[in-house]
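Student: Pasted the sequence and its predicted model underneath.
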Amino acid sequence: MAQKVIREFIDDIDGSEAERTFTFAVDGTNYEIDLSSQNIKEFNEAIGGFVESARKVKASGRGRRVHKTTTSDSGRSREQTQTVREWARQEGHSVNDRGRIPVSIQQAFDHAH
């Protein structure tokens, strides 16, 4: 028995023939949508101003986050962060052994030194 398989590339918005799959990301979530030429044009017009004002971000691999190994988010090394924690405790501040150091404590340390 013979079979004829027909694959149609359909626009996810209006059901017309799609030109291509369009990939985009919002708030760290990646999306794909199949769009016709007209809907690609409309999509680009809708986000054009945002894209022009945005910064490009290098892809770091699918679903993987890049972690800094030598400095914290404040730009301090592990040794510097440990020094801030020790100073904070000596000054009567409550600070955890791990995690972010509150900005107010970092500022107080910087001001004292």
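Tutor: Sure thing, it's come through.
Student: Residue 28 and residue 78: what is the separation?
Tutor: Distance check for residue 28 against residue 78: by C-beta to C-beta, to the nearest Å, it reads 27 Å. Every C-beta, even on glycine, is put in place using the N, C-alpha and C of the backbone.
Student: Next: residue 42.
Tutor: 50 Å.
Student: what do you get for residue 31?
Tutor: Distance from residue 31 to residue 78, by C-beta to C-beta: 37 Å.
Student: Could you write out the alpha-carbon coordinates of the lengthiest helix in the chain in CSV?
Tutor: With DSSP state H setting the assignment, residue counts place helix 37-53 as the longest helix in the chain. Presented in CSV, the C-alpha positions along helix 37-53 are these (Å, rounded to 0.1, in the frame of the first residue of the first chain):
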residue,chain,number,x,y,z
SER,A,37,6.4,36.5,6.5
GLN,A,38,3.6,38.9,7.5
ASN,A,39,3.7,37.8,11.2
ILE,A,40,7.5,38.0,11.2
LYS,A,41,7.2,41.6,10.0
GLU,A,42,4.6,42.4,12.7
PHE,A,43,6.7,40.7,15.4
ASN,A,44,9.8,42.7,14.4
GLU,A,45,7.8,46.0,14.3
ALA,A,46,6.3,45.3,17.8
ILE,A,47,9.7,44.6,19.5
GLY,A,48,11.9,46.8,17.2
GLY,A,49,12.3,49.6,19.7
PHE,A,50,13.1,47.3,22.5
VAL,A,51,15.7,45.4,20.4
GLU,A,52,17.4,48.7,19.4
SER,A,53,17.7,49.8,23.0
